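Undergrad: Structure of the sequence below:
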Amino acid sequence: MRQTWTVVAEVEISPREAEVLDLVGAHLSNAEIAARLCISVRTVESHVSSLLRKLEVPDRRALAQRAPEPAGDGPSRPAPVLPAPLTSFVGRVSERAELAELIRAQRQVTAVGPGGVGKTRLALAVAADASGEYADGAWFVDLVPVTDPGMIATAVAGALGLGEQPGRDMTESVVTALADRQALLILDNCEQVLDGVALFLERLLARCPRVTVLATSRARLMVPFERVYPVPPLSLAADGHSDAVALFMDRAAAVGRPLDAPLREQIGAICARLDGMALAIELAAARCPSLGLDGITTALSHPLRMLTGGSRADERHRSVRAALDWSHALLEPDDRALLRRVSVFVAPFTAGAAAQVVGSGDGAVVAGSGDGATVVGPGDGATVAGSGDGTAVAGVDEGLVAEGLARLAEQSLLAVTSSASGTEYRALETIRQYGMERLAETGELAGARSRHLRWCLAK
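TA: Numbering: from 1, shown residues only. Below is the predicted model of the structure:
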């Protein structure tokens, strides 16, 4: 079979060398070229060396400039494609600007917030706005299906279109592919593989100086190079002109008739009861044609029962309950117990208050000295003082409870407010009601309410 040789600047190169030259001109790395042409990286290196010699150029950058222009209008390699949202993006002008500024200034930013607050949609909107600032575009990696921390690099490689390379692990292949790229990498839903993500990013960012990573997670990565951006709930202006109301009206109009402007105040009250959570607002708005605003207001006495949206591609977003199940499953047993027991607090509470109310599952009361805990007796009302270096409280040691509350806050299950008077915690209403359901399921509801009542009376 006769080969047709290509002439570049009066120099003949083979068809395979021409393919390699085209891909070098498209700024692909050797690993990406190998994956595209189904050849080894060593073979690509050999072709690149041959091209450097034949075309008498000093380096890869000069070689890329000698590549012929693509024959068509399209790029010579597939451009990165962000997932196309199926619904409009509403509001969040300031959040969009703040997060965009952060990824310009920092190499790794984590957008953190509870399930359903809108982290993914915000990250995608920011990535779409910023993709033109990166020569190699923005790449999106969904980590929801990944349960093994060791498979993170494989998921990223799949998004980049990389195959396995002999003699290299997948992380090395990804790092090699992105070493000379200027790109934005979005890692979505990192919470169930935090340790694996942290290790992967440490290698990636150290060797890929022009790569920026925007991660979304319900918990931060806890690494020194991370910049955290807490994603707030949608704004809840008192006059009914807010992002939360705008989202409700937009989604309600999509499934029925547009809502009249005078109803904004009533819609605002519904959104406030939903704490401005985007998923909860969308699910409530979807029930508007059948329930009406009055029916939705009444049904919010049991929000987890009402806030369901039927069949969706993402199991976690079919209902608020499903989103909370996902977060709850990531907790250690002790933190699950703490979350459900502090759900009796409707108003913000302190670690000291929680220590006097949480008790223990079988009615025993626990006290500690700061470095441990001891079960000291049965019954809801036992009062035990810690030893000299601990805080004397009725119930569980305050230091242990504070550590547990901090872990729940790090998982975006409690909101934290710090002031000169102290630190207070609060669960969003849907999370609080979820905890109350769990209390009832475990048979702890009566005991928790009894301890809470005694605390209220003492206050």
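Undergrad: right, and the helix or strand after the helix or strand hosting Leu405?
TA: Assigned by DSSP states H and E, Leu405 belongs to helix 398-410. Downstream of helix 398-410, the next assigned helix or strand under DSSP H and E is strand 415-419.
Undergrad: quick one on the thing from earlier: by contact count, what packs against the helix holding Leu405?
TA: helix 333-341, helix 351-357, strand 422-426 (3 or more Cβ pairs under 8 Å, 6 or more residues apart in numbering; DSSP states H and E). C-beta here means a position set from N, CA and C on the backbone, and glycine is covered the same way.
Undergrad: Report all helices and strands that the last one contacts.
TA: In other words, strand 422-426. The helices and strands touching strand 422-426, judged by 3+ Cβ pairs under 8 Å, 6+ apart, are helix 351-357, helix 398-410, strand 415-419.
Undergrad: got it, and the second one?
TA: Counting contacts by 3+ Cβ pairs under 8 Å, 6+ apart, the secondary-structure elements packed against helix 351-357 are helix 333-341, helix 398-410, strand 422-426, helix 445-458.
Undergrad: what comes up buried for that helix?
TA: Across helix 351-357, burial judged by 16 or more other Cβ atoms under 10 Å covers 351-357.
Undergrad: residues making contact with it?
TA: Applying Cβ atoms under 8 Å, 6 or more residues apart in numbering, the external contacts of helix 351-357 come out as 338, 341-342, 344-345, 391, 393-398, 400-402, 405, 423, 425, 448, 451-452, 455, 458.
Undergrad: Just the strands from the chain, written as ranges.
TA: Using DSSP state E, the strands of the chain run over residues 6-8, 11-13, 108-112, 138-142, 183-188, 211-217, 227-230, 365-367, 374-377, 415-419, 422-426.
Undergrad: Mean neighbour count and mean pLDDT for those - can I get that in a markdown table?
TA: A markdown table is the format used below for the strands of the chain (neighbours: other Cβ atoms under 10 Å; pLDDT from 0 to 100):
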| stretch | mean neighbour count | mean pLDDT |
| --- | --- | --- |
| strand 6-8 | 14 | 54 |
| strand 11-13 | 15 | 78 |
| strand 108-112 | 24 | 96 |
| strand 138-142 | 21 | 91 |
| strand 183-188 | 24 | 94 |
| strand 211-217 | 25 | 95 |
| strand 227-230 | 16 | 95 |
| strand 365-367 | 23 | 37 |
| strand 374-377 | 13 | 34 |
| strand 415-419 | 12 | 88 |
| strand 422-426 | 17 | 90 |
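Undergrad: do you know which of those lies nearest Val20?
TA: Closest to Val20 of these is strand 11-13 (Cβ to Cβ; 8.9 Å).
Undergrad: Just give me how far the closest one sits from the chain centre.
TA: Relative to the mean C-alpha coordinate of its chain, strand 11-13 is positioned 50 Å out (Cα atoms, centre = their mean, to the nearest Å).
Undergrad: Same question for stretch 267-287.
TA: In terms of Cα atoms, centre = their mean, the centre of stretch 267-287 is found 21 Å from the chain centre.
Undergrad: low-scoring stretches of the protein, by residue?
TA: Filtered on pLDDT under 70, the chain yields the residue ranges 1-10, 35, 38, 69-81, 163-168, 239-240, 309-318, 360-395.
Undergrad: Would you mind splitting it into its domains for me?
TA: As recorded under the TED database, the domains making up the chain are 15-66, 93-230, 243-324, 331-362+396-458.
Undergrad: Would you check that Asp129 makes contact with Arg96?
TA: Yes. Counting by Cβ atoms under 8 Å, Arg96 is a contact partner of Asp129 at 7.1 Å.
Undergrad: Just the helices from the stretch 251-400 of the chain, written as ranges.
TA: Using DSSP state H, counting those that start in this stretch, the helices found in the stretch 251-400 of the chain span residues 264-273, 278-286, 288-299, 303-306, 320-329, 333-341, 351-357, 398-410.
Undergrad: TSV for these, including distance to Val41?
TA: Output for the helices of the stretch 251-400 of the chain, formatted as TSV (distance: least, Cβ to Cβ, whole Å):
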stretch	distance to Val41
helix 264-273	54
helix 278-286	44
helix 288-299	56
helix 303-306	52
helix 320-329	39
helix 333-341	45
helix 351-357	55
helix 398-410	40
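Undergrad: Next up, the contacts around Tyr425.
TA: With Cβ under 8 Å, 6+ apart, Tyr425 has these contacts: 342, 348-351, 354, 405, 408-409, 414-417.
Undergrad: switch to 10 Å and redo it
TA: By Cβ atoms under 10 Å, 6 or more residues apart in numbering, the contact list for Tyr425 reads 342, 345, 348-351, 353-354, 402, 405-406, 408-409, 413-417.
Undergrad: quick revisit: let me have the strands of the chain in JSON lines, adding distance to Leu293 as columns.
TA: Listed next are these as JSON lines, based on distance: least, Cβ to Cβ, whole Å:
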{"stretch": "strand 6-8", "distance to Leu293": "69"}
{"stretch": "strand 11-13", "distance to Leu293": "70"}
{"stretch": "strand 108-112", "distance to Leu293": "32"}
{"stretch": "strand 138-142", "distance to Leu293": "35"}
{"stretch": "strand 183-188", "distance to Leu293": "33"}
{"stretch": "strand 211-217", "distance to Leu293": "32"}
{"stretch": "strand 227-230", "distance to Leu293": "30"}
{"stretch": "strand 365-367", "distance to Leu293": "46"}
{"stretch": "strand 374-377", "distance to Leu293": "50"}
{"stretch": "strand 415-419", "distance to Leu293": "27"}
{"stretch": "strand 422-426", "distance to Leu293": "26"}
